[in-house]
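1. got a structure for you, letters missing:
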C-alpha cells in the first residue's frame, strides 16, 4: 500500500523558514521522482519543485527559485522541502507527490498546511 505522509507545516511569520518532510512507503522510492505541489486558498494546484530518483537533478517553479530547496534521503525514503524567506503568497496546502519513471505524479500525500502571516 502506497503511503506518503507529510509533516512540518505550520504558521510562520513573513521572512521565516519551515522544513517540510514527506515519508514514503509501499513503492520503490529511489526509482521515482518526487515533487511538491501546493494549493492556495481558492486556487488550483501549483507545481513547486521536483527531484529525480537519485537526487542529483532538481527543478523549481520561478515563484520559489532561490528560496526553496528540495532534497531527498533514499536511505530514509524521505523527501524534504526547505522553505526560506517565506512570503504570505506561499500560504497553501503543500502536497508531496511521486512519479514512476516516465509517468506523471501517481502517488499523493494528504497535504500539510503552511500559513505565512504576521
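-> Everything's here; your move. Since the structure is predicted, the reported quantities are computational estimates derived from the model, not experimental observations.
2. show me where the chain has its strands.
-> In the chain, the strands defined using DSSP state E lie at 3-7, 10-12, 18-25, 33-39, 45-51, 58-60, 68-73, 78-83, 92-99, 105-108, 112-116.
3. out of these, which gets the lowest mean score?
-> Set side by side, the strands of the chain give their lowest mean pLDDT on strand 105-108, at a mean of 94.
4. next, the buried residues of it.
-> Across strand 105-108, burial judged by 16 or more other C-beta atoms under 10 Å covers 105, 107. Backbone N, C-alpha and C define where each C-beta goes, glycine included.
5. do stretch 107-118 as well
-> Neighbour-count burial for stretch 107-118 [16+ other C-beta under 10 Å]: 107, 109, 111-112, 114-116.
6. gap between it and the chain center?
-> Relative to its chain's centre, stretch 107-118 lies at 9 Å (C-alpha atoms, centre = their mean, to the nearest Å).
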